[in-house]
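> Give me the fold of what follows.
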Amino acid sequence: MVPGFATLQEKPDAGEDEVAVWSGDAWELRPDFRGHEYWLDDGSHHAITLIGVELPEGALDQKPPIARDVQHAAALARVNQEHARYLGC
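Numbers count the residues shown, from 1 in each chain. Below is the predicted model:
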């Protein structure tokens, strides 16, 4: 006797970043990047939580550095804000 929701078919060996999933008729190997965190070029952070979701092309393993001109503009904006606050504007 085979219990409900069970199979006698042997599960295939999954490779790195793969998992065997029962499709109802047979085992399928699907990508498994669950728990993997990545960043895109725009600096947005993402985490994979579902089986079958693959890393997008261009995914980075660490946050990309902020461009020097963007850092400069942010620093100048902070200086201008402090200056305006000091002058009471």
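> what's the distance between residue 65 and residue 46?
From residue 65 over to residue 46 the distance is 18 Å, taken as CB to CB, to the nearest Å. Glycine gets a C-beta too; all of them are placed from N, C-alpha and C.
> meant to ask about residue 14
In terms of CB to CB, residue 14 sits 23 Å off from residue 46.
> Repeat that for residue 72.
27 Å.
> Next: residue 3.
38 Å.
> low pLDDT regions in the chain?
Filtered on pLDDT under 70, the chain yields the residue ranges 89.
> Just the strands from it, written as ranges.
Residue ranges of the strands in the chain, as given by DSSP state E, are 18-22, 27-31, 37-39, 45-47.
> returning to that earlier point: more neighbours: which of residue 72 and residue 46?
residue 46 (14 against 10; other CB atoms under 10 Å).
> the helices in the chain, which residues?
In the chain, the segments counted as helices under DSSP state H are 68-87.
> who are the neighbours in contact with the residue nearest to residue 33 when sequence neighbours are not counted?
Excluding the flanking residues, the one nearest residue 33 by CB to CB, 6 or more residues apart in numbering is residue 48, at 4.5 Å. Residue 48 makes contacts with 33, 34, 35, 36, 37, 38, 55, as judged by CB atoms under 8 Å, 6 or more residues apart in numbering.
> That'll do, ta.
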